[in-house]
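From the sequence below, what's the structure:
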Amino acid sequence: MNPFGLIAGMAASSLLGGLVQSSATQRAAGQQAQSAESGIAEQRRQFDTLQQLLRPYVEAGTPALRGQQSLIGLRGPAEQQAAISQIESSPLLQALTRQGEQAMMQNASATGGLRGGNFQGALAQFRPMMLQNAIDQQYARLGGLTTLGQQSAAGVGTAGMETGSNVAQLLAAQGAARAGGTLGGAAPFVQALQMPAVFGGIGIATGKWNPFGGASTQSTPVGLAAGLGMRK
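Below you'll find the predicted structure:
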């Protein structure tokens with residue numbers, strides 16, 4: 001038995017097997033990294049889609065909030081007066097007020113109370129009352145849009161946080177996959193660097209071939225078998 005040929009064959013086989021395994025490890029790591037990249041792209045696409053869907057509601061909430069602030073005077077007396085005047089001159093309020101006054105006059109005429117003090121007082125209070133009701137209704141309607149915009153913005157924020165967390169996890173998985181592929185690619189060469197010490201240990205056991213180790217006192221093939229951990 002030629003111990004050098006046996007050991008060289010073992011070394012070559014080990015190195016070749018390691019290279020094959022390294023190549024498979026690197027391919028698998030590349031596939032894992034690509035899968036993570038696809039996951040990141042999908043997460044971002046879903047977030048962009050949701051943001052696009054909610055954008056009209058978010059944009060509607062901003063002017064609605066400003067309208068509420070104007071009606072209650074938070075943006076100054078000039079804007080408050082402009083907001084009230086806009087409601088007062090609206091066609092809807094004008095039509096409702098006119099119809100209400102006509103109904104009151106018809107009722108008073110039928111009962112003979114057109115010139116009565118109660119009717120004149122009620123008629124004088126009717127327009128201011130209608131304007132106040134219109135202001136309250138406008139504020140409530142604007143409040144609905146403000147709430148809708150706030151909820152939509154919160155939904156976008158929550159989705160953004162979830163997307164960021166998911167992308168961070170996928171990036172970590174991607175980094176781990178690439179690191180594993182790098183380490184797997186270096187493994188066969190690390191093993192090759194460690195082979196001289198293995199050969200030296202076998203040489204000490206056999207005494208037949210020991211290019212890296214010390215001299216041995218055994219000179220039979222039995223020593224090779226013992227060095228390789230086998231029985232005769």
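
Where does pLDDT dip in this protein?
Residue ranges of the chain with pLDDT under 70: 1-31, 113-114, 116-117, 177-232.

hey, where'd the strands end up in it?
Taking DSSP state E, the chain contains no strands at all.

in it, which spans are helices?
Using DSSP state H, the helices found in the chain span residues 3-71, 77-88, 91-111, 117-206, 221-227.

Disregarding residues adjacent in the polypeptide, which is nearest to Cys67?
Slight slip there: residue 67 is Gly, not Cys. Leaving aside its sequence neighbours, Gly67 sits nearest to Leu142 (CB to CB, 6 or more residues apart in numbering; 4.6 Å). Heads up, the C-betas are built off the backbone N, CA and C, glycines and all.

these two touch, right, Ala159 and Leu50?
Yes: using CB atoms under 8 Å, Ala159 is in contact with Leu50, at 5.1 Å.

before we move on, back to that, these two touch, right, the residue nearest to Gly67 and Ala64?
Yes: assessed by CB under 8 Å, Leu142 is found in contact with Ala64 at 4.5 Å.

Can I get stretch 135-150 in PDB, CA atoms only?
The C-alpha trace of stretch 135-150 is given here as PDB (Å, rounded to 0.1, in the frame of the first residue of the first chain):
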ATOM      1  CA  ILE A 135     -72.500  77.300  10.400                       C
ATOM      2  CA  ASP A 136     -72.900  74.400  12.800                       C
ATOM      3  CA  GLN A 137     -73.700  72.000  10.000                       C
ATOM      4  CA  GLN A 138     -70.800  73.200   7.900                       C
ATOM      5  CA  TYR A 139     -68.400  72.700  10.900                       C
ATOM      6  CA  ALA A 140     -69.800  69.200  11.400                       C
ATOM      7  CA  ARG A 141     -69.400  68.300   7.700                       C
ATOM      8  CA  LEU A 142     -65.800  69.600   7.700                       C
ATOM      9  CA  GLY A 143     -65.200  67.600  10.900                       C
ATOM     10  CA  GLY A 144     -66.200  64.400   9.100                       C
ATOM     11  CA  LEU A 145     -63.600  65.100   6.400                       C
ATOM     12  CA  THR A 146     -61.000  66.100   9.000                       C
ATOM     13  CA  THR A 147     -61.500  62.800  10.800                       C
ATOM     14  CA  LEU A 148     -61.400  60.900   7.600                       C
ATOM     15  CA  GLY A 149     -58.100  62.500   6.600                       C
ATOM     16  CA  GLN A 150     -56.700  61.900  10.100                       C
END
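
what does it contact?
Contact with stretch 135-150 is made by 57-62, 64-65, 67-68, 71-72, 84, 87, as judged by CB atoms under 8 Å, 6 or more residues apart in numbering.

Now flag whichever of those residues is closest to Ser35.
Val58 (33.2 Å; CB to CB).

what sits against that closest one?
Counting by CB under 8 Å, 6+ apart, the residues that Val58 touches are Gly149, Ser152, Ala153, Val156.

Export those residues as CSV, with columns for neighbour count and distance to Ala36.
Below are those laid out as CSV (neighbours: other CB atoms under 10 Å; distance: CB to CB, whole Å):
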residue, neighbour count, distance to Ala36
Gly149, 21, 35
Ser152, 21, 30
Ala153, 17, 30
Val156, 18, 25
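
Out of the residues you listed, which two sit at the greatest distance?
Checking these with CB to CB, the most distant pair is Gly149 and Val156, at 10.6 Å.

any idea how far Arg75 lies from Arg98?
Remark: distance between Arg75 and Arg98 (CB to CB, to the nearest Å) = 31 Å.

And Ser90, its phi and psi?
Dihedral angles of Ser90 (phi, psi; degrees, to the nearest 10) stand at phi -70, psi 140.
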